[in-house]
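Chemist: Return a 3D structure for these sequence lines:
(2 chains)
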Amino acid sequence: MRRWLTGRVCRLIARRVVHLPPGRREWGEAAVAELAAVPDGERRLRWALGSLWFVVSHGGLATASLPEPTVRAWMRPMCAVLGIVTVAPWLAVSIQGLAERDAPDATLRSTAVMLAAQVILVVAFLANWRRASGLVARSTLLAAIAGYGAATAFSSLDNLGAPALAVIASLIFAGPPLLAALPLLTRADRGAGPDWLFGREDHRPPRVEQG
Amino acid sequence: MPRRPDTHPRTRAVFELLAGDPGQWWYGYDIARRTGLGSGTLYPLLARLADRSYLETRWESDPPPGRPRRHLYRLTAGGAQRAAEVARMTSSPSPARVRPILGGAR
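Modeler: Sure, this is the predicted structure:
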């Protein structure tokens, strides 16, 4: 189990090391290179986790200091606005529904759930608007969209009780924000896309012997 | 009251260890083992010391087959001087576990 976990952490480190700024990449690679010298078991796992912390904490700074590729500079705010636009009308409806307070309990409950999910989703899009392009921001956005879909399904079930309709409602409501968020969720500047477009360099970290 | 630069127990521990044999090159894991620091603490500290030219670094020249090159560290002249200053500034020994030097990388 420890060995498996260490392996997973090592793979994560290897993926993050390339995102370190030039002045810190050497240090990330050094931490990874030492793994081979650390005794297997708990010590190696702890070393790997510490190294992961190092590359993640310093990688965040790297992302903030790197210039945004041209393709992302205009795409990020546009996608965020599009995402908010897909939620905003329904958010207004939820607010109005709660404000009226004459709805039956089920509707009130489902409306509250919808409102919460919509607010979270709007905040997640706002967080991704500018440079909050880290793993946390992207994961939060994805989770917010999934939560919005789940809230819609719950709301539909709560009001109508038809599972098929709940699935359809979930797709209708969560689909547009998901489409708007797709460019934000895939890191086109580093993960996907051709090197010539994004100017990506090949910085392979040292190979780590597992044994 | 702000702490004086380089007098944090962890920094002192690394300074004490490396200043014990200024000419010797040390591996990261050896430093970690002897100071009791984890990799997540040690590497930012080493990087900071290197940024300030207190630490000289190099990659291992001929690693054994199948093992990646390791990074080596030793104090520069300025680093040794700073380590001595820090030792003078702080009267008590470092609380971090500086273990006996059993021989690092050559």
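
Chemist: what's the neighbour count on residue 86?
Modeler: Assuming you mean chain A. 21 (other CB atoms under 10 Å in any protein chain shown). For the C-beta atoms, the positions are set from N, CA and C on the backbone; glycine is no exception.

Chemist: that answer is for a different chain, and I need it for chain B
Modeler: Count around residue B:86 with other CB under 10 Å applied: 20.

Chemist: Checking the nearest residue to it once chain neighbours are set aside next. Helix, strand or coil?
Modeler: Spatial nearest neighbour of residue B:86, chain neighbours left out: residue B:6 (5.0 Å); criterion: CB to CB, 6 or more residues apart in numbering or on different chains. At residue B:6 the chain is in coil, as set by DSSP: H, G, I helix; E, B strand; the rest coil.

Chemist: so the residue nearest to the spatial centre of chain B is in which element?
Modeler: When chain B is reduced to its mean C-alpha position, the closest residue under CA atoms, centre = their mean turns out to be residue B:14, at 3.8 Å. Counting by DSSP states H and E, the element that carries residue B:14 is helix B:9-20.

Chemist: next structured bit after that helix?
Modeler: As assigned by DSSP H and E, the chain's next helix or strand after helix B:9-20 is strand B:26-27.

Chemist: Which strands border that following strand, and is each parallel or antiparallel?
Modeler: Here strand B:26-27 has these sheet partners by DSSP bridges: strand B:71-75 (antiparallel).

Chemist: tell me which residues of the strand it pairs with are tucked away?
Modeler: For strand B:71-75, burial by neighbour count (16 or more other CB atoms under 10 Å in any protein chain shown) applies to B:71, B:72, B:73, B:74, B:75.

Chemist: Helices of chain A, start to end?
Modeler: Taking DSSP state H as the test, the helices found in chain A are A:2-17, A:22-34, A:42-65, A:70-100, A:105-129, A:135-160, A:163-185, A:195-198.
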